[in-house]
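Okay, structure incoming, though there's no sequence with it:
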């Protein structure tokens, strides 16, 4: 997998946690939208970008609870997009999960 967000990686440390997760959520949203439209290739590309950004966030994580949550999120995302979805995730549940971060980032940015 090639790094898609080289410039993002450089400025990632300057973003708040909510902003980082909102950016991950944007890529997940794209992956979900393309999946629903039946474009597997574009969905997969957006999913890989989401994993890359989530990896940047995991690398920055301090404290076990946050790291654990991020790793579980990555595990469940991979299960949803690549495997048998044993966790029972849905597009709606992913949208709801990431919407909270988007809302927090917007409110904090005002």
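Perfect, I can see it now. Everything quoted here is computed from the prediction, not taken from an experiment. Numbers count the residues shown, from 1 in each chain.

Point out where this structure drops to low pLDDT.
1-8, 110 (pLDDT under 70).

Which stretches in it count as helices?
6-11, 17-37, 40-60, 64-82, 91-108 (DSSP state H).

what's the distance between the spatially most central residue of the chain and residue 76?
In the chain, the residue lying closest to the centroid (C-alpha atoms, centre = their mean) is residue 24, at 3.2 Å. Here residue 24 is placed at a distance of 13 Å from residue 76 (C-beta to C-beta, to the nearest Å). C-beta: built from backbone N, CA, C; applies to glycine.

Also residue 57?
For residue 57, the distance to residue 76 - C-beta to C-beta - is 15 Å.

same question, residue 34
In terms of C-beta to C-beta, residue 34 sits 19 Å off from residue 76.

need the contact list for residue 25.
97, 98, 99, 101, 102 (C-beta atoms under 8 Å, 6 or more residues apart in numbering).
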